[in-house]
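Trainee: Model the structure of this input:
(one chain, ligands or ions: 1)
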Amino acid sequence: MFSGRVPVQRLFCSAVMGSKVLRDPVEIAQLYRDQCRFPSLCRADVGPVITSGYGGQYSNIYTEWTQRDLERMENVKFCRQYIVFHHDKSVVYSGPSGNCTEIRGELLSVDSPSGEMKAVLRENTTEGEEKQFLEIWHKNRKLKCLNLTTLNKHGKVYEDDQFGCLVWSHSETHLLYIAEKKRPKTESYFQQGPETSLTPDEEEPIKTDKKEETVPGHQFEYYEDWGENLVSKSSPVLCVLDIEGSNISVLEGIPAAISPGQAFWAPADTGLLFVGWWHEPFRLGLKSCGNRRSSLFYVDLASGKCDQLSSDSISVCSPRLSPDHCRIVYLESGVSCSHLQCHRLCVFDWYTKQTSVVVDVVQRARDDGFTGIYSFLLSPRCWSADSERVLFCSAQRSRKELFVVDTSSREITRLTSQSQEGSWNLLNIHRDLMVVSCSSPNSPPDLRVGFLPGKGSESKISWVTLEESQPQSDISWQTLNFSPPPEQDNTQYPGLDFDALLLKPKDTPADGKLPLIVMPHGGPHSVLVSEWILSTAVLCKMGFSVLLVNYRGSLGFGQDNVFSLPGNCGTQDVKDVQFAVDSVLKQGGFDEQKVAVIGGSHGGFLACHLIGQYPGFYKACVARNPVTNLASMVCCTDIPDWCIVEAGFDYKPDIQLEPAILEQMLIKSPIKHVAKVKTPVLLMLGEGDKRVPNKQGIEYYKALKSLQVPVRVLWYPGNNHSLSKVDAESDGFMNGALWMIQHLSL
Ligand SMILES: CSCC[C@H](NC=O)C(=O)N[C@@H](CO)C(=O)O
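Mentor: Numbers count the residues shown, from 1 in each chain. Presented below is the predicted three-dimensional model:
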């Protein structure tokens, strides 16, 4: 039987002989499924020290992992525990203490300081209604369960990384968390019913004895929110549960212009410490925006007085109390200019009320190679047991490394200098027992523990692997360094260089020529480090080489590198990527007729610029939620300041968008070059994207359609900017791979 429809597999049978790229969608899907079986670590906790009956001491390590489940089309979370016997700061025996268990419905969970109890925030859907419960567990039983939805003291509890927290008081009698402020019940002015009625003669409403005040005419009130990934999070409040009395208090006394988050208990439980973000005159998106004005605050529980502890015109995050309860370390960053940049590490002394900068912003790499701090979350615990040193992880050029800094001498020691290439993540540290995870582009994450040696001998760590990685020997990778040619040097920030990571299949094709996929990252102030990335590993296993470019403006190369880009977007970043591509092609071993470009967000901006500024060079383009026109995006994104700053202007909330500013935005946008595009474009758009509204992609799609350039749109409902839900991500991967195979004629 012949039908008009050609099987998808057959579309790819005309590929060039000799090419070794995998073309069969069924086989590609199988490869993707296989690689999805490597989970990532998302949490690790070190339990209390227990002395066994035989005198040996051990601690439990609790870990949480996530893994894509393509059958259920969701990310599954599971836990596994390990036992670590130790003596004199060395691990004497370690191993898993059971199998994996899937975790469902837990939004937040935390052990009490003694390890005796556990608190869990759980979400459960009963009879179609989503409800939140707060559970207290002790030994083998659930001590208490509060139905927070029915109690109706506040709105939903925040479970995100930005504001969310669930913290035991030092006394283990109270729990602290953040929730949305309770909103008044509303009704229409025309509401009829038993609760409001009119007297026949006066025609005036009579108020009945209602438990809860109902506000008429406020049903359609607009509430600002904190943007992408934080939709419907508007007015967070600090909430405290008195466990014994089952009583919840919503704290008052927080300045009206402040939204609190990342809270914890002050020494001796006298009050609460938290980060407060200013939300006046209006809220701007917070996700990936480390430049929002915020400060460290303390609210005293006895007097209700709220004090601001850090300075007024900076941004702070990740405050962490030292084990001796004397000092608080936090990260600090500038509020103007780029969304993400080099951070300072500061310490606030609780007793002297003095703040000191322990690690300052680094403009250019120091003599010892240190380029500054580029991480925005410290690990849940980050102090050494002696409360003298702080550990942090940060991108250093194209590698993520682990450091310890002595808060008195300010000496920084790299803990990963002895290790092979690859990137490190600090998951936690408690009583000097560190839990870390390592990975590289050809090695999925492993799990290790090690004791932090005493001051001065930090580099002599001995790591013990709790969970081995499974290296993918068919992938090879290297870090490349580029100095832009003199005509592309930045006159304001001269002499800057940049990197790229090149991944190749070990098995090269018969003709020796590999197709090349170019992937510039988004941000633009972000970085691609030498870690495990599912999509690049699968593409490489299919037979593609992949070039990940950390153009000037990326994080991890010094503050000058970051600041060199705003105002030069669409030229400096585009030229850096093209320079890296041309240099790699000159090495030989690549098929210059088979080069594709993929990018998301600002990476999509670069992909669209590259196909417009180098017409015909790229044979296929895949763009996820790309920025295509800064001038049309500025009025509808959650971060309009990004458009203005990256176009080279200063942002103020009351900025008047003069024609000259809009003109520059247009000139710097990919849409300006669209008439030159020849490359077929696959656009992947998230229906709920607040950051780069999907209209950006649609604007580009319409321009390409009118120019008769092949273009296809994939539309993902229920997805936002990242398109990271398992169904969207896996569909996007498959369609992107097949688009490149088709248009590279493989
Ligand atoms: C107004 S959209 C700005 C682009 C966006 N930057 C910050 O959110 C971006 O490029 N995001 C990247 C990196 O976070 C992404 O991959 O989504």
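
Trainee: and the residue in the stretch 251-400 of the chain positioned nearest to the ligand, what element?
Mentor: Going by C-beta to the nearest ligand atom, the ligand is nearest to residue 288 of the stretch 251-400 of the chain, at 4.1 Å. Yep, even glycine has a C-beta here, placed from its N, CA and C like the rest. Element membership for residue 288, per DSSP states H and E: none, as it lies in no helix or strand.

Trainee: next one: the one 4 residues further on
Mentor: Residue 292 belongs to no helix or strand when elements are defined using DSSP H and E.

Trainee: ok, it - how many residues close by?
Mentor: 23 (other C-beta atoms under 10 Å).

Trainee: Report the contact partners of it.
Mentor: Applying C-beta atoms under 8 Å, 6 or more residues apart in numbering to residue 292 gives the contacts 277, 278, 284, 286, 315, 335.

Trainee: May I ask which two of these are separated the most?
Mentor: 286 and 335 (12.8 Å; C-beta to C-beta).

Trainee: Flag every residue of the stretch 601-746 of the chain that's near the ligand.
Mentor: 601, 602, 627, 637, 639, 642, 691, 692, 721, 722 (C-beta under 6 Å from any ligand atom).

Trainee: distance of the first one from residue 681?
Mentor: In other words, residue 601. 15 Å (C-beta to C-beta, to the nearest Å).

Trainee: In terms of packing, which of those two has more residues around it?
Mentor: Between residue 601 and residue 681, counting by other C-beta under 10 Å, residue 681 is the more crowded of the two (28 against 24).

Trainee: Touching, the more buried one and residue 700? I think so.
Mentor: Yes - with contact defined as C-beta atoms under 8 Å, residue 681 reaches residue 700; the gap is 7.4 Å.

Trainee: Need the overlap of contacts for the two.
Mentor: With C-beta under 8 Å, 6+ apart as the test, residue 681 and residue 700 both reach 608, 623, 711.

Trainee: Just the closest of the residues you listed to the ligand, please.
Mentor: Closest approach between the shared contacts of residue 681 and residue 700 and the ligand, by C-beta to the nearest ligand atom: residue 623, at 11.3 Å.

Trainee: Excluding covalently adjacent residues, which one is nearest to that closest one?
Mentor: residue 604 (3.7 Å; C-beta to C-beta, 6 or more residues apart in numbering).

Trainee: what does residue 159 give?
Mentor: residue 107 (4.0 Å).

Trainee: Pull the contacting residues for that neighbour.
Mentor: 121, 122, 123, 132, 157, 159.

Trainee: do residue 537 as well
Mentor: Counting by C-beta under 8 Å, 6+ apart, residue 537 touches 35, 441, 442, 472, 475, 503.

Trainee: rerun that using 10 Å as the cut-off
Mentor: Counting by C-beta atoms under 10 Å, 6 or more residues apart in numbering, residue 537 touches 31-32, 35, 38, 441-444, 472, 474-475, 477, 503, 546.

Trainee: Look up which helix or strand it falls in, please.
Mentor: helix 534-542.

Trainee: what's downstream of that helix, the next helix or strand?
Mentor: Counting by DSSP H and E, what follows helix 534-542 is strand 545-550.

Trainee: mind checking how far that following strand is from the chain centre?
Mentor: A distance of 20 Å separates the centroid of the chain from that of strand 545-550, by C-alpha atoms, centre = their mean, to the nearest Å.

Trainee: does the ligand sit close to that strand?
Mentor: No - Strand 545-550 is not in contact with the ligand by C-beta under 6 Å from any ligand atom; minimum separation 12.6 Å.

Trainee: Reformat the contacts of residue 107 into JSON lines and put pLDDT next to each item.
Mentor: As requested, those are exported to JSON lines (pLDDT from 0 to 100):
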{"residue": "121", "pLDDT": "98"}
{"residue": "122", "pLDDT": "98"}
{"residue": "123", "pLDDT": "97"}
{"residue": "132", "pLDDT": "98"}
{"residue": "157", "pLDDT": "98"}
{"residue": "159", "pLDDT": "97"}
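
Trainee: for those residues, which one is nearest residue 255?
Mentor: For these, the nearest to residue 255 is residue 157 (22.0 Å; C-beta to C-beta).

Trainee: For the closest residue to the closest one other than its chain neighbours, report the pLDDT, please.
Mentor: Nearest residue to residue 157 in three dimensions, chain neighbours excluded: residue 179, at 4.6 Å (C-beta to C-beta, 6+ apart). Looking at residue 179, its pLDDT reads 98.

Trainee: On the three-state scheme, the nearest residue to residue 625 once chain neighbours are set aside is what?
Mentor: Spatially, and ignoring its direct neighbours in sequence, residue 625 is nearest to residue 692 (4.6 Å; C-beta to C-beta, 6+ apart). Secondary structure of residue 692, reduced to three states by DSSP: H, G, I helix; E, B strand; the rest coil: coil.

Trainee: Any buried residues in the host helix or strand of residue 593, and which?
Mentor: Using DSSP H and E, the element containing residue 593 is strand 590-600. In terms of neighbour count (16 or more other C-beta atoms under 10 Å), strand 590-600 has its buried residues at 590, 591, 594, 595, 596, 597, 598, 599, 600.

Trainee: And those, which is closest to the ligand?
Mentor: residue 600 (4.3 Å).

Trainee: Surely the closest one touches residue 721?
Mentor: Yes - between residue 600 and residue 721 there is a contact at 8.3 Å, judged by C-beta atoms under 10 Å.

Trainee: dump the residue contacts of the closest residue in space to residue 319 that isn't next to it in sequence.
Mentor: Using C-beta to C-beta, 6+ apart and skipping residues adjacent in sequence, the residue nearest residue 319 is residue 330, 4.1 Å away. Counting by C-beta under 10 Å, 6+ apart, residue 330 makes contact with 262, 273, 275, 296, 309-310, 316-320, 343-348, 355, 378.

Trainee: filter those residues down to the ones near the ligand?
Mentor: Of the contacts of residue 330, not one also sits near the ligand (C-beta under 6 Å from any ligand atom).

Trainee: That'll do, ta.
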